Structures are given as C-alpha cells and as structure tokens.
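> Below: sequence and its predicted model.
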Amino acid sequence: MNNSFSIAKNEDGAYVLCFSESIYNVEAVKNAAFKHTHLFFVKVKHQDNGHLNVIMKAKNELDDDILISHIYEFHNDLLCEQVKIDLSNRFGKLREIIYEHAFSPIDEKE
C-alpha cells in the first residue's frame, strides 16, 4: 500500500483503518483512538510493512454513513495529535526554557 491512509470494512462489520508510520506515529494513533472509545471498541496493531492498523467496531448499531463520519472525525483527531507531537519535538526545549523562566523566583530573573 502506498497511501498514508485507507479504510476497509471486514467480515465482522468492523472498520480497518491503515496508517503509514512514516506519517503518523503510534502515540498519535493511540491518543486519537482513546478519544473515540465511547463509540467504538478499538484495537491498534503494528504491521510489518511500516503501517499501523486501527480496527474500530461500533459499540452500538449505527448507520454506515454515521460510522464513516465518526471515522473521519477520528482521522481529524489523529492529525491533531500528530501535529502536537511534531510541534513538541520541534519546540519542546524552547517551551521548557520559557516555562522555567516564567516560574523561576523573581530574584533569579535579574
């Protein structure tokens, strides 16, 4: 698979989402999946081909169009989680310096 994202429905009625680990890391996938556990039973599986599978089975009977809408919401949440991680990796040290300065005693700032 060359795409960074795909969706398929398996014989059990669960949706299988496949994400490229070159785009999304497992931490972002798990964080996004956790936000949707009120609607879905979720399983995250690492694949040997550099992809992550997320298997999402609805907890309640819902129309396929509604389920797909929720799955795309999951994908949006995944993008947000990945951006947070990317920004933290890029600017985390700067954030720590600002935090330390902001909360240091006043006499140390002079």
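Sure, I can see it. Numbering: from 1, shown residues only.

> Mind listing what's buried along the helix ranked longest in the chain?
Assignment by DSSP state H gives helix 64-102 as the longest helix of the chain. By neighbour count with 16 or more other C-beta atoms under 10 Å, helix 64-102 contains the buried residues 67, 70-71, 74-75, 77-78, 81-82, 85. Any C-beta I mention is one placed from the backbone N, CA and C, and that applies to glycine too.

> tell me how far that helix is from the chain's mean position?
Computed by C-alpha atoms, centre = their mean, to the nearest Å, the chain-centroid distance of helix 64-102 equals 8 Å.

> what does stretch 37-44 give?
Relative to the chain's own centre, stretch 37-44 is displaced by 12 Å; criterion: C-alpha atoms, centre = their mean.

> what's the answer for stretch 58-75, then?
Relative to the centre of its chain, stretch 58-75 is centred 16 Å away, using C-alpha atoms, centre = their mean.
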